[in-house]
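Asker: My questions concern the predicted model and sequence given below.
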Amino acid sequence: MAKQPRILAGETAAITGGARGIGRATADACLRQGMKVAIGDLDIDAARQAASELGPSTVALPLDVTERASFAAFLDGAEEQLGPLDVLVNNAGIMPIGPFVDEDDATAQRILDINVHGVILGMKLALPRMIARGRGHIVNIASQAGKYGLPGGATYCASKAAVINVSRAVRKELRGTGVHVSIISPVAVNTELGLGLSEPRQPEFRKIEPDEVADAIVETLRVPRFDVHVPKRLSVSERLITLLPITVQDGLSRVSKADAVLSKVDSAARAGYELRASRSEPRLEAAPEQPQISQVSGD
């Protein structure tokens, strides 16, 4: 028997990195379901602008996902203004890319602090609230890059693989509590983070819109699933590819140009994003300005 979809109207969702891209699209999708939404972002001005455009059921709150006090204040503020927390979407993340041997230590630290520790911290702070009520849903934004290591984004891929596996472990620990954990693994998305990336040959791996990811998030809130691919058909590809020897997988990545997605990019198109990402961890100084990403080139 098919599961009866949950009604989300009246529930409270908190979304990290909610001022732009997937986060903002998810806020909009949740609002269309009748939910109340707290947008948390390091860029509070952008968050306030997004909240004002999205409507009265939205609040904007400052958030640094790497700081426990900031994250706790974000969740407290969301509950004070909107009611008990039903959903946390751990969306905040950065993707500086470039050859692994050229990556400076500050960049690697920023990626792991935001993409991994931010998710871990969010779960540690939100789960006790949810467990006490016997309900709730954590949605962690992963990536297809976390399932297939891609050259040009080694540390980013590692961060998303960590999100996938910490979510798997926590899900097992939560059995019987009434609290769900899901991971959302999209291909490259048409947001600022995805600017200038190469397109692979396979249509199913080509760039998608943030609304597609947001719709997948809402769908898994209504009918909980753990491992959500965006687009859905990628789940079949993953099952088939993992059966192949690593050398065959590598060959397919080269032929399909999947290996080029993060390694052969338009550095000019990404320059603004890379600069903003380099300043996204307040405790660390921005990395020196130096070539961090490969130029677009042919085969």
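Answerer: On my side now, so go ahead. Numbers count the residues shown, from 1 in each chain.
Asker: what are the C-alpha coordinates of the lengthiest strand in the chain, in CSV please?
Answerer: The residue-count maximum for a strand in the chain (DSSP state E) belongs to strand 179-186. Extracted in CSV, the C-alpha atoms of strand 179-186 (Å, rounded to 0.1, in the frame of the first residue of the first chain):
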residue,chain,number,x,y,z
VAL,A,179,12.3,11.7,13.2
HIS,A,180,13.4,11.3,9.6
VAL,A,181,16.7,12.0,7.8
SER,A,182,17.0,12.4,4.1
ILE,A,183,19.8,13.3,1.7
ILE,A,184,19.2,15.1,-1.6
SER,A,185,21.8,14.5,-4.3
PRO,A,186,21.3,16.7,-7.3
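Asker: list the helices and strands it packs on?
Answerer: Applying 3 or more C-beta pairs under 8 Å, 6 or more residues apart in numbering; DSSP states H and E, one finds that strand 179-186 contacts helix 118-133, strand 136-141, helix 154-173, helix 210-222, strand 227-230. From N, CA and C alone the C-beta is placed, and that goes for glycine too.
Asker: right, so of the ones you listed, which gets closest to I94?
Answerer: helix 154-173 (8.1 Å; C-beta to C-beta).
Asker: contacting residues for A258?
Answerer: 148, 150, 200, 202, 205, 252 (C-beta atoms under 8 Å, 6 or more residues apart in numbering).
Asker: Sketch out the helices for this protein, chain order is fine.
Answerer: 21-32, 44-54, 68-82, 105-112, 118-133, 154-173, 210-222, 234-241, 246-255, 267-278 (DSSP state H).
Asker: Present these as a markdown table; the columns should include distance to N140.
Answerer: Shown next, in a markdown table, are the helices of the chain (distance: least, C-beta to C-beta, whole Å):
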| stretch | distance to N140 |
| --- | --- |
| helix 21-32 | 12 |
| helix 44-54 | 20 |
| helix 68-82 | 14 |
| helix 105-112 | 15 |
| helix 118-133 | 5 |
| helix 154-173 | 5 |
| helix 210-222 | 11 |
| helix 234-241 | 17 |
| helix 246-255 | 25 |
| helix 267-278 | 20 |
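Asker: what's the closest of the ones you listed to A38?
Answerer: Nearest to A38, of these and by C-beta to C-beta, is helix 68-82 at 3.5 Å.
Asker: on that earlier part again, and among the helices of the chain, the most buried is which?
Answerer: Ranked by mean neighbour count, the helices of the chain are led by helix 21-32 with a mean of 24 (mean count of other C-beta atoms under 10 Å).
Asker: on that earlier part again, export the helices of the chain as CSV, with columns for mean pLDDT and distance to G93.
Answerer: What follows is these, written out as CSV (pLDDT from 0 to 100; distance: least, C-beta to C-beta, whole Å):
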stretch, mean pLDDT, distance to G93
helix 21-32, 98, 9
helix 44-54, 97, 16
helix 68-82, 98, 15
helix 105-112, 95, 8
helix 118-133, 98, 8
helix 154-173, 98, 8
helix 210-222, 97, 12
helix 234-241, 74, 19
helix 246-255, 77, 23
helix 267-278, 83, 10
